[in-house]
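Asks: Fold the following and give me the result.
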Amino acid sequence: MMATSQHIPYADLTAEERHQLRTMRKRKAELMNEIEAMNNELRSVEGQLENIYYVDDPSKETAQQRATGRRKFNQDPEAGLTYLYDRNLLERTPESVAAFLHNGAGLSKQTIGEYIGSNEPFNVQVLEAYVKLHDISNMFLVDALRIFLWSFRLPGESQKIERMMAKFAEHFHSSSTLDGHAFDCPDTAHVLSYSCIMLNTLLHNPAVKDKPTLERFLSMNKESIQNNGVSVQTIENIYDSIAKQPFKLPDEESMRTHEPFIDSQREGWLYKQSSSQAFVVGPLMWKRRWFVLSEGCLYYFDSSVDRTPKGIIPLKNVGVRRVEAPARPHMLEIYALSPEDKIKACKTDQVGGRVTEGRHSNYRMCAASQDDLIGWIEAIHVQCQNQRV
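Replies: Predicted coordinates for the structure are as follows:
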């Protein structure tokens, strides 16, 4: 956080001070990247923990329904929320919906932004509750904006951005009491928040050739300085912070979930026998994978929030059956119908991420319970029948 009591021009610093400043800035950027990576990993782990159901109880069905609700939300927010409401997995209140969005596991940040940006009365209430879930107490305005803008993707419509910034400004004003960071009213925080977004675009958009100087930015905020009690030092600190580090906005490609599987026939956690261990004498290796059955293929992922599958098993010219194994109850096997054939599967190579072709005559998986096993066998059998030639 920038100090607000004194501003020393960079040109007045000694060579040693400049070196120290560069080192501090570099370390700050590294720390922010590390924090960001940890937050992303935490969300992924939270999503996995929420879906764990390798126990013989009703929680496995709940986990499947939650995952389905999230994917439906990414495709159609209202349909996804209604799905969760109808199954008593989410209360129909602004506070509950806001908490669901703020948790974010498996949700598209673009869809979150579109939903909370809507002018429907309930959506506006959700936006207000959503904003309040961000802990920005006594933060510098730019730092608070960085946290807020990372939690969703700003929509393109200016009216939606206007509503979001207005609610953010109200929350920021009520949360900030630190000297130099509080403003006389929410409107001042609102104007400066908009000014920050504009400055970020002007400074860091490659298409903008005429980059604003500090003097020009001061002129842009002249009214806030003269009429709303904002100090020149605060405006300089805002400019300095954004000039050195642009806002980190969500990249939707990295946030996208399994959108192609909105109409999946079945999905959930299974334990898959490692292909590399299939023909080795001794203990077999089993790995927990998230499976999605869709359009004649069985996809499996490391987690329910991944968008790139670890492997794909086409269900063409294959069958499915139960396997009796006391050490591994609830086991199923997908096998080639002809003993001479191999299943034309593919998987992502652990080294280099290359896609390699599988050469196996069967694949074995374990379900969580008897009911789950039957459900998977029946669903896979239907797809196998549809794919036979």
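Asks: The stretch 51-200 of the chain: helices as residue ranges?
Replies: Ranges of helices in the stretch 51-200 of the chain, per DSSP state H, counting those that start in this stretch, are 59-75, 77-86, 94-103, 109-116, 121-132, 141-150, 158-175, 186-204.
Asks: Any chance of a markdown table for those helices, columns distance to residue 361 and mean pLDDT?
Replies: C-beta: built from backbone N, CA, C; applies to glycine. Shown next, in a markdown table, are the helices of the stretch 51-200 of the chain (distance: least, C-beta to C-beta, whole Å; pLDDT from 0 to 100):
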| stretch | distance to residue 361 | mean pLDDT |
| --- | --- | --- |
| helix 59-75 | 29 | 80 |
| helix 77-86 | 39 | 95 |
| helix 94-103 | 42 | 94 |
| helix 109-116 | 42 | 93 |
| helix 121-132 | 51 | 97 |
| helix 141-150 | 47 | 92 |
| helix 158-175 | 54 | 91 |
| helix 186-204 | 55 | 91 |
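Asks: most neighbours per residue, which of these?
Replies: Most buried of those, by mean neighbour count (mean count of other C-beta atoms under 10 Å): helix 109-116, with a mean of 22.
Asks: all strands for the stretch 251-389 of the chain, in order.
Replies: Under the criterion DSSP state E, counting those that start in this stretch, the stretch 251-389 of the chain contains strands at 266-273, 286-294, 297-301, 311-314, 318-323, 331-336, 346-348, 355-357, 362-366.
Asks: Distance of residue 345 relative to residue 137?
Replies: Applying C-beta to C-beta, to the nearest Å, the value for residue 345 to residue 137 is 52 Å.
Asks: These two: which is more packed in?
Replies: Comparing residue 345 with residue 137 by neighbour count (other C-beta atoms under 10 Å), the higher total belongs to residue 345, at 20 against 12.
Asks: For that one, list the residues it contacts.
Replies: Applying C-beta atoms under 8 Å, 6 or more residues apart in numbering to residue 345 gives the contacts 311-314, 357-358, 360, 363.
Asks: okay, among those residues, which ones form the most distant pair?
Replies: Farthest-apart pair in those is 357 and 363; separation 13.9 Å (C-beta to C-beta).
Asks: who's more crowded, those two?
Replies: Comparing residue 357 with residue 363 by other C-beta under 10 Å, the one with more neighbours is residue 363, at 23 against 9.
Asks: hmm, back to that, right, and the strands of the stretch 251-389 of the chain - which one's nearest residue 133?
Replies: strand 286-294 (27.2 Å).
Asks: Spatially nearest residue to residue 145 (excluding sequence neighbours)?
Replies: Once flanking residues are discounted, residue 145 sits nearest to residue 196: 5.6 Å by C-beta to C-beta, 6 or more residues apart in numbering.
Asks: how close does that neighbour get to residue 164?
Replies: According to C-beta to C-beta, residue 196 stands 13 Å off from residue 164.
Asks: Also residue 198?
Replies: For residue 198, the distance to residue 164 equals 15 Å [C-beta to C-beta].
Asks: Likewise for residue 211?
Replies: Using C-beta to C-beta, we find residue 211 at a distance of 26 Å from residue 164.
Asks: What of residue 231?
Replies: Applying C-beta to C-beta to residue 231 and residue 164 gives a distance of 26 Å.
Asks: Also residue 191?
Replies: Residue 191 sits 14 Å away from residue 164, going by C-beta to C-beta.
Asks: do the same with residue 193
Replies: Distance from residue 193 to residue 164, counting by C-beta to C-beta: 9 Å.
Asks: for residue 238, same thing?
Replies: In terms of C-beta to C-beta, residue 238 sits 19 Å off from residue 164.
Asks: For burial, what's the neighbour tally of residue 292?
Replies: Using other C-beta under 10 Å, residue 292 has 22 neighbouring residues.
Asks: So in terms of bridging, what pairs with it?
Replies: On the basis of DSSP bridges, residue 292 takes part in beta bridges with residue 267, residue 299.
Asks: Quick one, grab the pLDDT at it.
Replies: pLDDT for residue 292: 89.
Asks: Confirm for me that it is in contact with residue 269.
Replies: No: Residue 292 lies out of contact with residue 269 (C-beta atoms under 8 Å); the separation is 11.1 Å.
Asks: shared neighbours of those two, anything?
Replies: Shared contacts of residue 292 and residue 269 (C-beta under 8 Å, 6+ apart): none.
Asks: How is this structure divided into domains?
Replies: 10-253, 263-387 (automatic domain parsing).
Asks: which secondary element of this protein has the worst mean pLDDT?
Replies: Sorting the helices and strands of the chain by mean pLDDT, DSSP states H and E puts helix 252-255 at the bottom, at a mean of 46.
Asks: Is the spatially closest residue to residue 232 that is not a sequence neighbour within a helix or a strand, and which one?
Replies: Distance criterion C-beta to C-beta, 6+ apart; nearest residue to residue 232, sequence neighbours excluded, is residue 225 at 6.1 Å. For residue 225, the enclosing helix or strand under DSSP states H and E is helix 222-227.
Asks: So which other helices or strands are in contact with that helix?
Replies: In this structure, helix 222-227 packs against helix 186-204, helix 232-244, with contacts taken as 3 or more C-beta pairs under 8 Å, 6 or more residues apart in numbering; DSSP states H and E.
Asks: what's the angle from the first one to helix 158-175?
Replies: Between helix 186-204 and helix 158-175, the angle formed by their directions is 120 degrees, by axes from the mean of the first three to the mean of the last three C-alpha atoms, to 10 degrees.
Asks: quick one: helix 186-204 to helix 141-150, angle?
Replies: 80 degrees.
Asks: Show me what helix 186-204 is in contact with.
Replies: So helix 186-204 is in contact with 141-142, 145, 154, 161, 165-166, 168-170, 172-174, 183, 208, 210-212, 217, 220-221, 223-224, 228-230, 238-239, 242-243, 246-247, going by C-beta under 8 Å, 6+ apart.
Asks: That helix relative to helix 232-244, how many degrees between them?
Replies: Counting by the same axes, to 10 degrees, helix 186-204 points 40 degrees away from the direction of helix 232-244.
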